[in-house]
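*Asks:* With the sequence up front, the predicted model follows.
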Amino acid sequence: MEAKLSSIEIQVDSDALSGTLLTPTGMPAVLFVHGWGGNQHHNLVRAREAVGLGCICLTFDLRGHEGHAAMRETVTRAQNLDDLKAAYDTLAGLPYVDRQSIAVVGLSYGGYLSTLLSLERPVEWLALRSPALYKDARWDDPKVWLNRDPDLMRYRGSEIEADANLALAACARFKGDVLLVEAENDVIVPHAVMRNYARAFGQARSVTSRLIKGADHALSDKEHQKEYTRYLIDWITEMVVGRRVALAKELVAARKQLLKQVQGQAAVLPGKSSREFQGDLRATEKTSD
């Protein structure tokens, strides 16, 4: 993310007023990834909230769902990861999107895929709600077969090292900011899975964990859905707005310092001209790359 400070002149009658234009350059973006059996409509409630923060948001349907429901019995993880990469590239390719300020929000199976996306595309912020976990084997087999594995729940309930699973290995390499949201009474993605994910994010810049008490995997209770939305939007606000404020603060301080270099301490006192500063300043936040 970047911010720009520019000196400008505002014409009024025969005079020119001195002004300073402080703007963000490029817009942060949020890509929402639904879970197995879900659809993009589930994410629109959160997307509309993120839009209010000045984010560009994209929701979409994975193959095997909605318009491509006929593929449900045949679609593979590899194909769905390709879906996710195509959606990411569409969002990142918009001319007004800051490619270094993209958040990916994944639910369950979508959370699992989102971790794998981070290996192949720049992801600055990663929010995972009840991210699923699967064995690496049979990657190109139909996804529905994985849930029929009688050993799947034992696997999810076990302690798994990051280097023993592709998704956890991706988490171990991730250096951005992370939000993990767990449903307390989730029997599909049990606590052990969340613990494995949390342990894997060893290089992340920050990891924020939230627990929705009494909630099941689907967040069947409306109040639990609202709680999740609040956790997610509060976190996105902290990430995006907080970074913008920090960049703007950096630029204002730099302008003040430049004026001091020209006119001394008196340059920033009331009644002094600010025309000594002319030009542009830019501040760029260091990303996770």
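*Replies:* Noted; the coordinates are in hand. Numbering: from 1, shown residues only.
*Asks:* got the contact list for stretch 209-225?
*Replies:* 45, 108, 130, 179-189, 194, 198, 227-228, 231 (Cβ atoms under 8 Å, 6 or more residues apart in numbering). Just so you know, the C-beta spots here come from the backbone N, C-alpha and C atoms, and that holds for glycine as well.
*Asks:* same thing but at 6 Å, please
*Replies:* The contact list for stretch 209-225 (Cβ atoms under 6 Å, 6 or more residues apart in numbering) reads 130, 180-186, 188, 227, 231.
*Asks:* among those, which ones are buried?
*Replies:* 130, 180-183, 186, 188, 227, 231 (16 or more other Cβ atoms under 10 Å).
*Asks:* from the residues you listed, which ones fall inside strands?
*Replies:* Secondary structure from DSSP state E places 180-183 of those in strands.
*Asks:* Take these and write them to a markdown table, including pLDDT and distance to Trp139.
*Replies:* Formatted as a markdown table, these follow (pLDDT from 0 to 100; distance: Cβ to Cβ, whole Å):
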| residue | pLDDT | distance to Trp139 |
| --- | --- | --- |
| Leu180 | 98 | 24 |
| Val181 | 98 | 27 |
| Glu182 | 98 | 26 |
| Ala183 | 98 | 27 |
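*Asks:* got TSV for these, with distance to Arg173 too?
*Replies:* Converted to TSV, these look like this (distance: Cβ to Cβ, whole Å):
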residue	distance to Arg173
Leu180	17
Val181	21
Glu182	22
Ala183	26
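*Asks:* quick one: which of these is nearest to Lys260?
*Replies:* Leu180 (44.7 Å; Cβ to Cβ).
*Asks:* Report the contact partners of the closest one.
*Replies:* So Leu180 contacts 128, 198, 209 (Cβ under 6 Å, 6+ apart).
*Asks:* Tell me where the model's unsure across this protein.
*Replies:* 1-3, 24, 262-289 (pLDDT under 70).
*Asks:* at 50 instead, please
*Replies:* Within the chain, no range satisfies pLDDT under 50.
*Asks:* quick one on the thing from earlier: for the contacts of stretch 209-225, which two are the farthest from each other?
*Replies:* So for the contacts of stretch 209-225, where distance means Cβ to Cβ, the most widely separated pair is Ile188 and Tyr231, at 19.3 Å.
*Asks:* And the strands in the stretch 101-250 of the chain, which stretches?
*Replies:* 125-129, 177-183, 206-212 (DSSP state E, counting those that start in this stretch).
*Asks:* from the ones you listed, which stretch is densest packed?
*Replies:* Ranked by mean neighbour count, the strands of the stretch 101-250 of the chain are led by strand 125-129 with a mean of 27 (mean count of other Cβ atoms under 10 Å).
*Asks:* Identify the residues contacting that strand?
*Replies:* Counting by Cβ under 6 Å, 6+ apart, 103-107, 111, 176-181, 239 sit against strand 125-129.
*Asks:* quick one: the residue nearest the centre of the chain from Arg129, how far?
*Replies:* Geometric centre of the chain, nearest residue: Ala103, 1.9 Å, by Cα atoms, centre = their mean. Note on Ala103: its distance to Arg129, by Cβ to Cβ, to the nearest Å, is 13 Å.
*Asks:* if I pick Ile233, what's in contact with it?
*Replies:* Glu49.
*Asks:* Look up how far Ala92 lies from it.
*Replies:* Counting by Cβ to Cβ, the gap from Ile233 to Ala92 is 22 Å.
*Asks:* Repeat that for Glu238.
*Replies:* 22 Å.
*Asks:* can you check Asp141 too?
*Replies:* For Asp141 relative to Ala92 (Cβ to Cβ), the value is 30 Å.
*Asks:* Closest to Trp145 out of the buried ones among the contacts of stretch 209-225?
*Replies:* Ile188 (16.7 Å).
*Asks:* and the nearest residue in space to that closest one that is not next to it in sequence, how many neighbours does it have?
*Replies:* Closest residue in space to Ile188, ignoring its immediate chain neighbours: His217 at 4.3 Å, by Cβ to Cβ, 6 or more residues apart in numbering. His217: 18 surrounding residues under other Cβ atoms under 10 Å.
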